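>>> below: sequence and its predicted model.
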Amino acid sequence: MERIVVGLSGGVDSSVAAATLHQQGYDVVGLTLWLMKGKGQCCSEGMVDAAKLCEDLGIEYHVVDSREVFEREIINYLVEGYGSGITPLPCSQCNRAVKFGPMLQYANEELGCDRIATGHYARITQNTETGRYELRRAVDPAKDQSYFLYDLTQDLLAACDFPLGHQTKTETRRMAAELGLHTAAKPDSQDLCLIEHHGSMQTFLDKYLAPKPGDIVDTEGRMLGQHTGIHHYTIGQRKGLGIAAANPLYVVGFDMGKNHVIVADRSDAHLPDCTVQRVNWVSIAAPQEPMKVSVQIRYRSEAVGATLVPLPAVDGTGDRVRIVFDEPQFGVTPGQAAVWYDGDRVLGGGLIEAAVPEISAPVTEAEALSY
Ligand SMILES: Nc1ncnc2c1ncn2[C@@H]1O[C@H](COP(=O)(O)OP(=O)(O)OP(=O)(O)O)[C@@H](O)[C@H]1O
């Protein structure tokens, strides 16, 4: 019987993933990475549900205390990122550095097993010509999580199964009910586990970063209002600025030196291109020439047409590319991932760089193109 370790958060998706593999005849071992204490999934509460699931299925269950690695890789990453004026994306970093890598290592070293599975909505195929493992969007577009998985290495993709990638969430819920799983009716977790845990990103960050109020200015540097601390704001944000203006205003940048939040009209909040660092090539090897792709710059945004231009790596940034959008894009946010696709295949992805370290004047199209 083939052994497989299934990552259990205590939610319905991973419960169904484990139960399905168990039904298919795998020797399933449940494993929860203990990431935080308190309520919510990945925490004590989730572990109780995961333990009960394993007891009901009659399978082995393990918990690995991963609070230290989570603190180092995710909490510090978020605090440092927000503190330096970017909006870091914790989920792809968590998948690579906290979840998949350590899960596979534990499976190999402690359980004598070389396969892992999760309840993520995405698919993995192998290209028979190149031998590369290809990451693909899930069948259910509303649940597709391929955006968060772009940073997985070939070794991880080779060892991993996503049993739910071929079905919709509705089917998952139906299966959970049919299988009589006690997690069947559990509500979906929010996009970010930390928010579920702390109530809001602001509450979480305020524990680590002292709010430093300052001015909200327009792109000419004219003072329009007050902000409560740069880390409370993100590029593209409109709500909560507290400024009465004829047209809606959006956050377009930060001047860390002056402690300014910079706002502009929506028409000024578009960028023709951006650069991306720490690129991971997934389904194809790194190209040498520019190529046409569809790129997604946020989890919930549509993929848009763009040309990808390979750039030389700079110290400490890994591989880099420039993305030139077919149409200027709104809300290009440093710290978030840009993930590029060919149809449903994830070709690669990386982290959007700050266009300029300290924006104190509007960025012209010509300047933006030169980054
Ligand atoms: N703390 C954890 N330990 C082990 N595996 C985890 C953990 N958290 C999440 N996973 C795995 O990653 C998958 C995706 O996690 P995500 O946080 O996106 O939750 P989800 O899509 O709501 O899934 P679920 O309903 O299982 O919580 C889960 O289905 C599970 O297999």
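In hand now; what should we look at? Numbering: from 1, shown residues only.
>>> which pLDDT value goes with residue 41?
At residue 41, the pLDDT value in this model is 50.
>>> please apply the same query to residue 55.
pLDDT, residue 55: 97.
>>> next one: phi and psi at the closest residue in space to it that isn't next to it in sequence?
Closest residue in space to residue 55, ignoring its immediate chain neighbours: residue 61 at 7.5 Å, by C-beta to C-beta, 6 or more residues apart in numbering. For every residue, glycine as well, the C-beta is placed using N, CA and C. Dihedral angles of residue 61 (phi, psi; degrees, to the nearest 10) stand at phi -140, psi 130.
>>> residue 61: neighbouring residues, count only.
Using other C-beta atoms under 10 Å, residue 61 has 19 neighbouring residues.
>>> how near is residue 217 to residue 228?
Distance check for residue 217 against residue 228: by C-beta to C-beta, to the nearest Å, it reads 15 Å.
>>> out of these two, which sits in the busier spot?
Taking neighbours as other C-beta under 10 Å, residue 217 and residue 228 compare with residue 217 leading, 20 against 16.
>>> help me confirm that the more buried one comes into contact with residue 261.
Yes - counting by C-beta atoms under 8 Å, residue 217 touches residue 261, with 7.4 Å between them.
>>> tell me the bridge partners for the residue nearest to residue 55.
Taking DSSP bridges as the rule, residue 61 bridges to residue 30.
>>> what pLDDT does it get?
pLDDT, residue 61: 98.
>>> contacting residues for it?
Neighbouring residues of residue 61 by C-beta atoms under 8 Å, 6 or more residues apart in numbering: 8, 29-32, 50-51, 54-55.
>>> how close does it sit to residue 31?
Counting by C-beta to C-beta, the gap between residue 61 and residue 31 amounts to 8 Å.
>>> do residue 60 as well
With distances taken as C-beta to C-beta, residue 60 is found 9 Å from residue 31.
>>> quick one, which of these two is more surrounded?
Using other C-beta under 10 Å as the criterion, residue 60 and residue 31 rank with residue 31 on top: 26 against 14.
>>> I'd say residue 245 and residue 224 touch.
Yes - assessed by C-beta under 8 Å, residue 245 is found in contact with residue 224 at 7.1 Å.
>>> so for those two, which residue has more residues nearby?
Using other C-beta under 10 Å, the more surrounded residue of residue 245 and residue 224 is residue 224, with 17 against 12.
>>> contact partners of the helix or strand hosting that one?
Using DSSP states H and E, residue 224 maps to strand 223-227. By C-beta under 8 Å, 6+ apart, the residues outside strand 223-227 that reach it are 213-218, 233, 241-243, 245, 249, 261, 263.
>>> how about a cut-off of 6 Å?
The contact list for strand 223-227 (C-beta atoms under 6 Å, 6 or more residues apart in numbering) reads 213-218, 242-243, 261.
>>> helices of the stretch 1-150 of the chain, start to end?
Assigned by DSSP state H, counting those that start in this stretch, the helices in the stretch 1-150 of the chain fall at 12-23, 44-57, 67-70, 76-83, 90-93, 101-111.
>>> return the most buried member of those helices.
Stretch with highest mean neighbour count among the helices of the stretch 1-150 of the chain: helix 12-23 (a mean of 24; mean count of other C-beta atoms under 10 Å).
>>> give me the helices and strands touching that one, please.
The contact analysis (3 or more C-beta pairs under 6 Å, 6 or more residues apart in numbering; DSSP states H and E) places helix 12-23 against strand 3-7, strand 27-34, helix 169-178.
>>> what pLDDT, on average, does the following helix or strand past the longest one get?
So that's helix 169-178. Where DSSP H and E defines the elements, the next helix or strand beyond helix 169-178 is helix 193-198. Across helix 193-198, pLDDT averages out at 73.
>>> helix 193-198 packs against which elements?
Applying 3+ C-beta pairs under 6 Å, 6+ apart, we find helix 193-198 packed against helix 201-206.
>>> what's the burial count for residue 247?
Neighbours around residue 247, by other C-beta under 10 Å: 9.
>>> tell me the contacts of residue 47?
32, 63.
>>> how about 10 Å then?
By C-beta atoms under 10 Å, 6 or more residues apart in numbering, the contact set of residue 47 is 8-10, 32-34, 41, 61, 63.
>>> now the two most distant members of the residues you listed.
Using C-beta to C-beta, the pair of those lying farthest apart is 41 and 61, separated by 15.6 Å.
>>> now do the shared contacts for residue 217 and residue 261.
Shared contacts of residue 217 and residue 261, defined by C-beta under 10 Å, 6+ apart, comprise 224-225, 227, 253, 255.
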